[in-house]
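Asker: could you work out the structure for the sequence below:
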Amino acid sequence: MSTAPRTELAEFTLRAVVTGVLLGLVFGAANAYLGLRVGMTVSASIPAAVLTVAVFKLIGRRSTILEANLSQTIGSASTSLATGAIFTIPALFLWNMAPPYLQVVALCFLGGVLGLSAMIPLRRLLIVEAKDELPYPEGTACAEVLQATATEGASDSAWIFRGMAVGAAVKLALSLFFLLPADLHAALPLPPKAVLAIELAPALVGVGFILGYRQAAVCVAGSIVSSLLLIPLIAWLGEGLEAPLRPETVRLVRDMTAGDIWGRYVRYIGAGCVATAGILTVLRGLPTMAGAFSAVVRGLKKASPGARAGGDVPLTDRDLPGGFVLGGIAFVVLAAGLVPGVFGGYGGALTRFVCALGVGVFGLIFVTVAARIVGIVGVTSQPTSGITLVTLIGVASVFAALGWTEPAAGAAVLTVGTIVAIAASKAGDISQDLKTGYLVGATPARQQVGQLIGAAFACWAVAATVLLLGRVYTFGSPEVPAPQATLMKTVIEGVLSGQLPWGLVLSGGGLAIGAVLCGVSGLAFAIGVYLPLASMAPLYVGGCVRALAGRAGAKGGDADPGVLAASGLVAGEGLAGVLVAGLVAAGVAPKSRAPWLGAGPGEAAALAVLLGVCYFLYRGGRAASPAAPPTT
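Answerer: Next comes the predicted model:
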């Protein structure tokens with residue numbers, strides 16, 4: 001789309017800002033909930049864009065395309081904050097060092113400011129000058145959605161609201177009213193202690209639909225290896241042992257349940273698998289990362305005078321001034337280094353200096369890398385896990401060399417990773433938003449201010465969601481496994497103390513290498529190995545539904561009604577889950593109880609509900625515009 005000077009349209013309006021902030025709170029809480037369940041988040045840009053148009057239509061005010069774009073820019077800002085928070089903060093709970101609310105808010109906000117500030121000088125180089133080289137897939141898709149809704153109205157937006165209603169209703173039926181069992185499971189006669197299971201989780205079915213069949217199949221393949229191979233194999237090998245098998249020191253393997261075996265053995269295999277997959281992702285991308293960094297540096301050296309804000313620069317090419325960029329980066333590094341509570345209060349000035357230096361060095365490098373990489377692979381394939389791992393290993397190695405190996409030192413290392421992970425994720429998110437703005441003729445400076453507003457509000461919602469779920473439930477439990485944070489905790493402990501069952505961890509590394517050699521996503525497979533089959537099976541079901549609906553791999557599929565319905569399921573269940581946790585924390589609702597319908601009738605009803613959710617998504621997928629290309 002042309003980015004020539006345009007007739008001034010309403011853009012930075014109060015209704016656009018308020019709508020974006022509210023959507024950011026919704027998707028921030030929902031993504032935090034989802035990330036704690038399965039270790040991944042979903043993009044909020046397209047759902048936020050469609051919902052913005054729908055909300056304006058409901059209140060009888062037609063929006064301009066620029067207002068809708070600004071609103072989705074603000075609304076999607078929360079996703080990156082949720083990503084960094086769920087990757088790290090739960091590990092503090094696992095160390096019995098639950099952080100105060102304001103510390104988590106500060107970490108989220110500082111990461112958001114760093115990612116935004118460091119990305120601003122890269123916009124012209126990556127979004128404008130490299131427009132043919134870097135497609136920024138989510139940003140381009142969101143622009144197409146905005147252009148369609150601006151001319152045709154938000155005709156498909158009803159699917160998001162329907163999805164939210166379905167997701168919330170099922171979650172409330174399971175976790176507040178306890179009408180049905182939350183999962184279906186069946187023990188197999190052979191191999192030993194093998195169990196087939198699936199959760200009744202609309203959000204996970206929706207995520208599988210969004211991911212598509214292939215990615216969902218890779219995830220469930222990892223879980224099958226874990227549940228139907230590793231657990232039975234350990235049970236079979238340990239059946240005749242008369243002494244505990246390390247790292248277990250008390251119970252015999254034959255006295256353990258499948259869940260016990262997972263917790264004492266398979267968990268470490270899964271952690272090694274995820275860690276290796278993340279590191280391999282970074283290693284495989286090193287040439288791209290190095291090329292991205294050098295290309296950005298070269299581009300900045302020859303930056304055109306148009307990079308200056310104001311003057312005769314057209315609105316469509318106007319960024320926030322360089323003073324904001326330098327001030328924002330300096331603010332983050334100085335605040336992190338000078339405020340004792342940011343890194344948990346461990347050590348003195350030298351410790352805070354090392355942590356702040358880690359934030360500055362790793363943050364600026366990975367913001368630069370992430371902003372370019374997502375232009376090719378998109379936000380959903382951004383190697384945030386690998387980026388976080390590399391940051392934690394680097395900072396933890398410095399700590400170990402300086403003799404700082406106490407548990408509190410691990411917490412300080414973890415908070416460095418929080419800021420860097422959020423900054424890198426924020427850079428990827430705003431890059432996509434700026435691409436959308438470039439295609440629809442928006443003002444970059446206004447989008448950048450919008451991202452700052454979004455981060456300033458969303459940090460409170462994301463922090464509240466993580467802390468609430470951590471206090472009501474137990475991180476690492478079936479309710480909130482927090483897989484990514486558990487992995488980061490394991491890595492830090494290994495670097496600082498060396499006390500890990502390395503045989504199990506390295507076995508998991510071998511599985512990840514095998515998956516990569518087979519040409520599948522190592523991280524997707526590794527997440528499956530780490531999480532139970534009950535959590536991954538719904539993803540596969542959702543992927544199958546998308547394939548059956550004929551939408552898998554279709555161009556522009558991220559904007560079809562099925563994906564909007566799936567996004568609604570994620571948001572609805574996430575918000576209902578946060579509501580239930582709040583009621584439990586207030587003592588209004590019980591944390592758990594036996595379902596009203598148990599055994600046969602309850603399982604039959606749960607299966608019927610699961611099939612109903614699948615049919616709902618199938619209808620959404622089939623409701624896509626007939627102009628969309630068919631599945632190949």
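
Asker: where in the stretch 301-450 of the chain is pLDDT low?
Answerer: The stretch 301-450 of the chain contains residues with pLDDT under 70 at 301-312, 377-381, 383.

Asker: please repeat the previous calculation with a cut-off of 50.
Answerer: Scanning the stretch 301-450 of the chain for pLDDT under 50 picks out 303-310.

Asker: pretty sure residue 157 sits against residue 54.
Answerer: Yes - using CB atoms under 8 Å, residue 157 is in contact with residue 54, at 3.7 Å. Using the backbone N, CA and C atoms, a C-beta is placed for each residue, glycine as well.

Asker: can you pick out the residue with more neighbours from those two?
Answerer: The neighbour comparison of residue 157 against residue 54 (other CB atoms under 10 Å) goes to residue 157, with 23 against 19.

Asker: residue contacts, the more buried one?
Answerer: By CB atoms under 8 Å, 6 or more residues apart in numbering, residue 157 lies in contact with 50-51, 53-54, 149, 564.

Asker: next, find the distance separating it from residue 442.
Answerer: Residue 157 sits 21 Å away from residue 442, taking CB to CB, to the nearest Å as the criterion.

Asker: just to revisit the earlier point, closest one of the contacts of residue 157 to residue 464?
Answerer: Ranked by distance to residue 464 (CB to CB), the contacts of residue 157 are led by residue 51 at 21.5 Å.

Asker: surely the closest one touches residue 163?
Answerer: No - here residue 51 does not reach residue 163: they are 11.2 Å apart, not a contact under CB under 8 Å.

Asker: any common contacting residues for the two?
Answerer: Counting by CB under 8 Å, 6+ apart, nothing touches both residue 51 and residue 163.

Asker: pLDDT weak spots in the protein?
Answerer: Scanning the chain for pLDDT under 50 picks out 1-6, 303-310, 552-556, 625-632.

Asker: just give me the longest helix of it.
Answerer: helix 407-440 (DSSP state H).

Asker: ok, and for it, which residues are buried?
Answerer: 408-440 (16 or more other CB atoms under 10 Å).

Asker: before we move on, which element is residue 197 in?
Answerer: Assigned by DSSP states H and E, residue 197 belongs to strand 195-199.

Asker: which residues are in contact with that strand?
Answerer: Applying CB under 8 Å, 6+ apart, the contact partners of strand 195-199 are 182-188, 227, 258, 532-535, 537-538, 541, 610.

Asker: can you tell me which of the residues you listed are in helices?
Answerer: 258, 533-535, 537-538, 541, 610.

Asker: just those residues now: which is nearest residue 570?
Answerer: Closest approach to residue 570 among the ones in helices among the contacts of strand 195-199 (CB to CB): residue 538, at 11.8 Å.

Asker: which ones are touching that closest one?
Answerer: Going by CB under 8 Å, 6+ apart, residue 538 touches 198-201, 204-205, 208, 610.

Asker: mark which of the residues you listed are buried, thanks.
Answerer: Burial by neighbour count, 16+ other CB under 10 Å: within the contacts of residue 538 this picks out 198-201, 204-205, 208, 610.

Asker: just to check, residue 549 is in contact with residue 617?
Answerer: Yes - the pair residue 549 / residue 617 is scored as a contact, 7.3 Å apart, by CB under 8 Å.

Asker: got any residues that touch both of the two?
Answerer: With CB under 8 Å, 6+ apart, residue 549 and residue 617 have common neighbours residue 562.

Asker: please say which of these two ends up with more neighbours.
Answerer: residue 617 (31 against 23).

Asker: under a three-state scheme, what state does the more buried one occupy?
Answerer: helix (DSSP: H, G, I helix; E, B strand; the rest coil).

Asker: so who does it touch?
Answerer: By CB under 8 Å, 6+ apart, the contact set of residue 617 is 205-206, 209, 542, 545-546, 549, 562, 565-566, 569.

Asker: for it, give its distance to residue 527.
Answerer: Separation of residue 617 from residue 527 (CB to CB) stands at 22 Å.

Asker: what's the answer for residue 445, then?
Answerer: 38 Å.

Asker: of those two, who's got more company?
Answerer: Neighbours were counted for residue 445 and for residue 527 using other CB under 10 Å; residue 527 has more, 28 against 21.

Asker: that one - nearest residue in space that isn't next to it in sequence?
Answerer: In this structure, residue 527 finds its nearest non-sequential neighbour in residue 39, 5.5 Å apart by CB to CB, 6 or more residues apart in numbering.

Asker: and the one you found, what does it touch?
Answerer: 86, 481-484, 527, 530-531.

Asker: swap the cut-off to 6 Å and go again
Answerer: Neighbour list for residue 39: 483-484, 527 [criterion: CB atoms under 6 Å, 6 or more residues apart in numbering].

Asker: can you check residue 88 too?
Answerer: Residues near residue 88 by CB under 6 Å, 6+ apart: 414, 417-418, 485, 488.

Asker: one more time with 7 Å, if that's ok
Answerer: By CB atoms under 7 Å, 6 or more residues apart in numbering, the residues touching residue 88 are 414, 417-418, 421, 485, 488.

Asker: what does residue 547 give?
Answerer: Shown in contact with residue 547 (CB under 7 Å, 6+ apart): residue 213.

Asker: mind checking the SS state of it?
Answerer: Relying on three-state DSSP, one would call residue 547 helix.

Asker: distance of it from residue 607?
Answerer: For residue 547, the distance to residue 607 (CB to CB) stands at 21 Å.

Asker: quick one: contacts for the most centrally placed residue in the chain?
Answerer: By CA atoms, centre = their mean, the chain has its centre lying nearest to residue 41, at 2.8 Å. Residue 41 makes contacts with 31, 34-35, 79, 82-83, as judged by CB under 7 Å, 6+ apart.

Asker: so which of these is the closest to residue 175?
Answerer: Closest approach to residue 175 among the contacts of residue 41 (CB to CB): residue 34, at 15.0 Å.

Asker: confirm for me that that closest one is in contact with residue 202.
Answerer: No - Residue 34 sits out of contact with residue 202 when judged by CB atoms under 7 Å, with a separation of 11.3 Å.

Asker: ok, the two, which is more surrounded?
Answerer: Looking at residue 34 and residue 202 with other CB under 10 Å, you find the greater number of neighbours at residue 202, namely 32 against 26.

Asker: all set, thanks.
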